[in-house]
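>>> here is my input; please provide its structure:
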Amino acid sequence: MSNTNFSKKKEECIQTINTIFENYENSENSEYMLNRIYSHIVIFLPNTLKNEYNIYEKRLNRNTFLTNEQHIFIQVFLSKNKYYYLPNNGLYYEYDGKNYSIVKEDDIIHKLLSTISKDRILLDWKHKTKTNVLKLIKERSLFSSIPETYTIQNVLNFIYPSIFLTKNQAKYFLTIIGDNILKKNSHLLFYVNIKMKKLLTELDTIAYISIGNTNTTNNFIAKYHDNHSFDNYRLININDNFSLNIWKEQFKKFGLDFLCVATHYSKRYEHSEKFIETKCDEEFKNYTLYLNLNTQQQIIDKFCEEYILKTTNPNFDTHCIAWKNIHFIWKQFLSNSQLPNIIYSYSLKNILKEKFNFNEQTDSFIGITSKYLPIESDFIKFFEKTISFKEKKKFSEFDDELEIDELCCLFKIWVKTTTNETLVSNGNITEDNVIKILKHFFSKIEIFQDKYLLNTSCILWNKINDINKSFEYIKTQIKNNNLELISFDEAYNYYYNFCNKNLNKLIISKRYFEKYIFFKLTKYVVYDKFITSNCFLDNYTFE
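Numbering: from 1, shown residues only. Below you'll find the model as predicted:
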């Protein structure tokens with residue numbers, strides 16, 4: 001209260017008391033009224049006000065206490081019970097760390113109220129807490145969730161290698177689907193074969209039923225149209241041997257997981273074009289962007305260079321190829337290059353007529369014949385010179401590890417920065433190729449789930465040191481936001497922001513980050529996935 005307001009109210013009180021005295025000063029019962037006024041003001045009023053003050057103070061303290069308890073309760077409840085919402089279809093979702101599922105609002109309320117009843121502290125605030133929790137859940141979009149490694153690997157194993165021959169192809173496909181759901185890069189067209197197109201129709205149905213999204217696969221096409229620009233085409237390579245019926249049945253079980261992982265990849269890599277730019281080797285990139293990087297004329301020139309041989313002394317009988325055979329060879333070229341038929345036959349024929357002699361009577365091209373036409377060593381050098389193994393002997397030792405995709409990035413960095421070695425590659429290598437090399441040449445190393453190299457580290461990247469460096473930044477964020485608890489997700493987001501601010505080329509995975517937190521800050525971990533701020537506010541040394 002301001003001094004002015006206080007003085008004003010004080011003056012009003014004094015005036016009121018003076019008025020009371022004046023009203024009864026000359027009355028017949030002035031003595032009696034004087035004693036009553038005296039009793040009320042001098043005897044009763046101080047005690048009454050003191051009691052009211054104490055009650056008010058207790059109420060404030062209780063409200064403060066319950067507010068803090070409610071905040072912690074909600075924070076822990078929403079961390080342990082990962083509920084999400086989509087406003088476009090009004091549905092709630094639950095993620096149990098393995099699978100996503102649609103859940104009823106009544107089930108959420110029942111679980112919430114049951115938890116409050118067990119806790120008992122917030123019984124008086126049961127309705128208020130329920131309202132706040134539901135409000136927060138409605139602010140948590142399903143597409144803001146971060147799937148755990150189990151879910152991601154389950155989805156990847158679902159489509160790789162059954163449909164896609166490499167993990168990068170599977171991840172790229174997921175990123176595209178995520179882009180479509182989040183409405184990114186809508187101008188792009190993705191070419192697939194007829195079999196894959198049928199499967200995508202099923203995917204569209206699942207997306208509409210589960211997340212209310214339409215046209216999830218609308219930009220996948222199975223036939224070339226000459227009114228489409230080559231610049232907008234992207235090629236999708238799949239394994240033609242997958243079983244369509246089996247995959248469709250399985251997709252009904254994992255459809256929602258699939259869509260959530262897809263949106264996660266879209267957000268993680270920004271969009272499918274950025275994925276190609278940052279995560280793909282040259283072979284993958286060149287194939288996917290083949291129609292973007294090559295004109296129709298350049299593709300035909302390549303066909304002629306690789307599949308057609310021009311003779312120096314043409315003979316009509318022995319050195320000619322009928323058009324129908326040229327067309328067949330062209331299809332072989334497309335098949336071997338895994339390209340769609342991007343030119344109509346009559347257009348191809350007319351272009352070839354301009355390049356080679358043609359006999360209209362025999363419908364043949366004259367004077368031509370046809371022919372069909374070491375990154376491993378560099379990687380082994382890199383592996384032997386930069387990778388070290390440490391057999392874990394003590395429980396107190398942290399069992400370090402590298403992920404296969406991290407190894408690919410480190411290899412590329414090594415190739416670009418190494419000057420004292422004779423190298424023949426540009427550093428682009430696939431995860432699948434790395435796994436093959438490791439299993440063949442380094443059979444003693446321990447590879448877990450074809451993704452993790454256990455008890456392994458690289459001299460090019462001290463992962464533990466990177467995390468330790470980020471702790472000062474995390475500490476600052478905790479102080480600025482006045483946090484009592486910080487979830488593992490929040491801590492990782494702060495680490496991620498720290499890396500972006502410092503332009504770190506390599507970012508540690510959420511799995512590794514949490515694994516190190518568990519090891520390093522065990523005594524500060526509460527509620528399974530929260531860290532008390534004490535570890536950051538105390539003079540704790542992160543080394």
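
>>> C-alpha only now, for contacts and for neighbours.
OK.

>>> can you pull out the strands in the stretch 51-200 of the chain?
Residue ranges of the strands in the stretch 51-200 of the chain, as given by DSSP state E, counting those that start in this stretch, are 82-86, 91-95, 100-103, 189-191.

>>> flag the shaky bits of the stretch 401-543 of the chain, pLDDT-wise.
Judged by pLDDT under 70, the stretch 401-543 of the chain has its weakly predicted residues at 424, 440-441, 536-543.

>>> now the chain
1-2, 66, 123, 312-319, 371-374, 376-377, 391-397, 424, 440-441, 536-543.

>>> list the buried ones in the lengthiest helix in it?
The single longest helix within the chain, with elements called by DSSP state H, is helix 45-80. Buried residues in helix 45-80, counting neighbours by 16 or more other Cα atoms under 10 Å, are found at 66, 70, 73-79.

>>> can you put these in TSV and add distance to residue 171?
Output for those, formatted as TSV (distance: Cα to Cα, whole Å):
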residue	distance to residue 171
66	46
70	40
73	37
74	34
75	32
76	32
77	32
78	29
79	27
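
>>> what is the burial count for the closest residue to residue 177 other than its chain neighbours?
Spatial nearest neighbour of residue 177, chain neighbours left out: residue 262 (5.9 Å); criterion: Cα to Cα, 6 or more residues apart in numbering. Residue 262: 27 surrounding residues under other Cα atoms under 10 Å.

>>> go on, residue 353?
Neighbours around residue 353, by other Cα under 10 Å: 14.

>>> and for the one 4 residues further on?
The tally of other residues near residue 357 (other Cα under 10 Å) stands at 15.

>>> ok, now which ones touch it?
Shown in contact with residue 357 (Cα atoms under 8 Å, 6 or more residues apart in numbering): 365-367.

>>> swap the cut-off to 10 Å and go again
314, 320, 364-368 (Cα atoms under 10 Å, 6 or more residues apart in numbering).

>>> swap in residue 288?
Per Cα under 10 Å, 6+ apart, neighbours of residue 288: 169, 172, 190-191, 233-237, 276, 280, 282, 339.

>>> and the longest helix of the chain with strand 82-86, angle?
For helix 45-80 against strand 82-86, the angle between stretch directions is 80 degrees (axes from the mean of the first three to the mean of the last three Cα atoms, to 10 degrees).

>>> quick one: list the elements packing against helix 45-80.
Judged by 3 or more Cα pairs under 10 Å, 6 or more residues apart in numbering; DSSP states H and E, helix 45-80 is in contact with helix 105-119, helix 126-138, strand 485-487, strand 530-532.

>>> one more time with 8 Å, if that's ok
Applying 3 or more Cα pairs under 8 Å, 6 or more residues apart in numbering; DSSP states H and E, one finds that helix 45-80 contacts helix 126-138.

>>> run the chain-centre distance for the helix it packs on.
In terms of Cα atoms, centre = their mean, to the nearest Å, the centre of helix 126-138 is set 27 Å apart from its chain centre.

>>> same question, stretch 165-184
11 Å.

>>> which residue lies nearest the spatial centre of this structure?
For the chain, the residue nearest the mean C-alpha position is residue 264 (3.1 Å; Cα atoms, centre = their mean).

>>> can you list phi and psi of that one for me?
phi -60, psi -40 (degrees, to the nearest 10).

>>> quick one: contacts for it?
By Cα under 8 Å, 6+ apart, the contact set of residue 264 is 143-147, 175, 178.

>>> can you give me the buried ones in stretch 431-441?
431-432, 434-435, 437-438.

>>> in JSON lines, list those residues along with secondary structure.
Converted to JSON lines, the buried residues of stretch 431-441 look like this (DSSP: H, G, I helix; E, B strand; the rest coil):
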{"residue": "431", "secondary structure": "helix"}
{"residue": "432", "secondary structure": "helix"}
{"residue": "434", "secondary structure": "helix"}
{"residue": "435", "secondary structure": "helix"}
{"residue": "437", "secondary structure": "helix"}
{"residue": "438", "secondary structure": "helix"}
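
>>> Serialize the residues you listed to TSV and add fields for distance to residue 324.
Below are those laid out as TSV (distance: Cα to Cα, whole Å):
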residue	distance to residue 324
431	41
432	39
434	43
435	44
437	43
438	47
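
>>> all strands of the stretch 351-500 of the chain, in order?
Under DSSP E, counting those that start in this stretch, the stretch 351-500 of the chain gives strands at 357-359, 364-366, 368-370, 387-389, 401-403, 447-448, 452-454, 456-458, 485-487.

>>> follow-up on the earlier one: and the strands of the stretch 51-200 of the chain, which is most packed in?
strand 82-86 (a mean of 22; mean count of other Cα atoms under 10 Å).

>>> outside of that strand itself, list whatever touches it.
For strand 82-86, contacts defined as Cα under 8 Å, 6+ apart pick out 91-96, 137-142, 145, 211.

>>> 7 Å - rerun?
91-96, 137-138, 140-142 (Cα atoms under 7 Å, 6 or more residues apart in numbering).

>>> can you map out the strands along the stretch 201-350 of the chain?
According to DSSP E, counting those that start in this stretch, the strands that the stretch 201-350 of the chain contains are 220-221, 233-235, 308-310, 320-322.

>>> list the helices and strands the second one packs on?
Applying 3 or more Cα pairs under 7 Å, 6 or more residues apart in numbering; DSSP states H and E, one finds that strand 233-235 contacts strand 189-191, helix 282-288.

>>> hmm, back to that, now distance to residue 499 and neighbour count too, for the contacts of residue 357, in a markdown table please.
A markdown table is the format used below for the contacts of residue 357 (distance: Cα to Cα, whole Å; neighbours: other Cα atoms under 10 Å):
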| residue | distance to residue 499 | neighbour count |
| --- | --- | --- |
| 314 | 65 | 15 |
| 320 | 63 | 22 |
| 364 | 63 | 20 |
| 365 | 61 | 24 |
| 366 | 63 | 22 |
| 367 | 62 | 21 |
| 368 | 59 | 21 |
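
>>> adding distance to residue 207, write those out as a markdown table.
Conversion of the contacts of residue 357 to a markdown table gives the following (distance: Cα to Cα, whole Å):
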| residue | distance to residue 207 |
| --- | --- |
| 314 | 59 |
| 320 | 54 |
| 364 | 51 |
| 365 | 51 |
| 366 | 54 |
| 367 | 55 |
| 368 | 52 |
